[in-house]
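[1] the sequence and its predicted three-dimensional model are supplied below.
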Amino acid sequence: MELKRERIGVAKEVFNKEIIALKKTKEILGNTFFDICEEILKCKGKVIWIGMGKPGHIARKLAATMSSLGTPSFSLHPAEALHGDLGMISKDDIIIIISYSGESEEVVKILPIIKLIGAKIIALTGNPISTLAKNSNLVDIFPNFEEACHLGLAPTSSTTVALVYGDAISVVVSQEKKFNKNDFGKFHPAGALGKKLLYKVEDVMIKREETATVSQDASLKEGIVEMSKKGLSIVCAIANEKVYGILTDGDLRRLLEYNIDIYSKSFEEVMTKTPTVIYNDVLAIEALKILRDKNFTSMPVLDRNENYLGIVTLHSIIRTGIVPEVKE
């Protein structure tokens with residue numbers, strides 16, 4: 001029990017130190033932060049994040065975040081830069097370098113070449129008199145704070161601060177660029193969010209030729225046979241390219257429960273004449289919401305001229321990776 005308390009106590013102290021570091025940094029945000037965002041918004045090239053060691057990991061994450069939020073960005077390893085990767089930099093780029101000491105050997109060595117190329121250098125450092133600070137166009141100085149490491153040595157608080165600072169830049173710039181959910185979806189087409197924002201009903205529907213359909217004067221028996229043949233939960237009566245009515249597997253079960261003679265009935269007598277339908281150009285996530293709200297498994301898909309195109313089902317939507325939101 002004593003060991004448990006000790007471990008949790010040390011963990012809470014790590015949280016406390018990093019929270020204090022974040023609070024101190026938040027308080028000093030001002031003109032320099034504003035100017036950095038302004039430079040990025042005016043940038044005609046790319047934003048390149050650089051860091052050595054642990055800050056290098058942060059640089060890679062921030063480049064990924066910034067890119068996903070609409071600003072072309074990548075990270076560059078300073079040691080690799082010395083062996084040819086400096087060719088990735090152009091004069092229109094902005095270089096953001098993270099180094100709390102501002103004296104990392106690999107970082108210091110690439111500064112003269114970056115200046116020669118003509119790219120602007122932005123420094124995020126805790127040392128205002130460092131080589132990095134003296135050779136940068138813009139410098140934001142992090143306040144003094146303790147590293148959360150029990151030795152006070154390993155980058156912990158400083159990397160957390162750099163991460164949050166970079167996230168703040170990315171969010172502010174993205175917001176001012178009016179980057180929206182649809183834009184975000186374009187950059188994340190393989191993810192669930194991207195699919196929700198991009199996929200339309202026509203992308204997930206079962207096309208007409210694969211669906212169960214009958215003519216408007218069909219018998220109920222013909223409708224049941226067609227439904228069984230196609231292995232679907234719905235059969236549509238089509239007349240002049242329009243949906244004349246539908247019958248679902250749920251409707252059929254209810255008919256059987258009431259002992260209706262399915263061999264003597266016409267399809268028209270038992271079908272739903274005004275079914276719920278969806279248009280092909282509506283987002284698939286909207287179709288999913290309708291199906292869930294109405295407790296349906298499928299519904300017909302029409303074009304804007306009311307012509308029948310196929311059906312959309314819960315399964316055809318979910319199998320693409322679009323998942324329903326969990327209801328609270």
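    Noted; the coordinates are in hand.

[2] which SS state does Ser101 fall under?
    At Ser101 the chain is in coil, as set by DSSP: H, G, I helix; E, B strand; the rest coil.

[3] show me where the stretch 101-250 of the chain dips below the pLDDT cut-off.
    181-197 (pLDDT under 70).

[4] confirm for me that Thr276 is in contact with Asn295.
    No - taking contacts as C-beta atoms under 8 Å, Thr276 lies outside contact range of Asn295: 11.1 Å. (Glycine included, C-beta is placed from N, CA and C.)

[5] more crowded one of these two?
    Thr276 (12 against 7; other C-beta atoms under 10 Å).

[6] state the distance from that one to Phe33.
    Going from Thr276 to Phe33 by C-beta to C-beta, to the nearest Å gives 51 Å.

[7] gap between the residue lying closest to Leu302 once chain neighbours are set aside and Asp303?
    Computed as C-beta to C-beta, 6 or more residues apart in numbering, the closest residue to Leu302 that is not its neighbour in sequence is Val277, at 5.3 Å. From Val277 across to Asp303, the span is 11 Å (C-beta to C-beta).

[8] what do you get for Thr159?
    Counting by C-beta to C-beta, the gap from Thr159 to Asp303 is 54 Å.

[9] if we can go back for a sec, and Val277 and Asp303? Which one has more around it.
    Val277 (17 against 13).

[10] how about the contacts made by the more buried one?
    Applying C-beta atoms under 8 Å, 6 or more residues apart in numbering to Val277 gives the contacts Val243, Met299, Pro300, Val301, Leu302.

[11] quick check: the fourth one touching Val204?
    In other words, Val301. No - proximity of Val301 to Val204 does not meet the contact threshold set by C-beta under 8 Å, at 9.5 Å.

[12] which residue ranges of the stretch 1-150 of the chain form helices?
    Assigned by DSSP state H, counting those that start in this stretch, the stretch 1-150 of the chain shows helices spanning 2-28, 31-42, 54-68, 78-81, 105-117, 131-134.

[13] could you dump the last one to PDB, C-alpha only?
    Once non-C-alpha atoms are left out, helix 131-134 reads as follows in PDB (Å, rounded to 0.1, in the frame of the first residue of the first chain):
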ATOM      1  CA  THR A 131      22.900  30.900 -30.700                       C
ATOM      2  CA  LEU A 132      19.500  29.800 -32.000                       C
ATOM      3  CA  ALA A 133      17.800  32.900 -30.600                       C
ATOM      4  CA  LYS A 134      20.500  35.200 -32.000                       C
END
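
[14] who touches it?
    97, 99, 102-104, 107-108, 111, 123, 125, 127, 139, 141.
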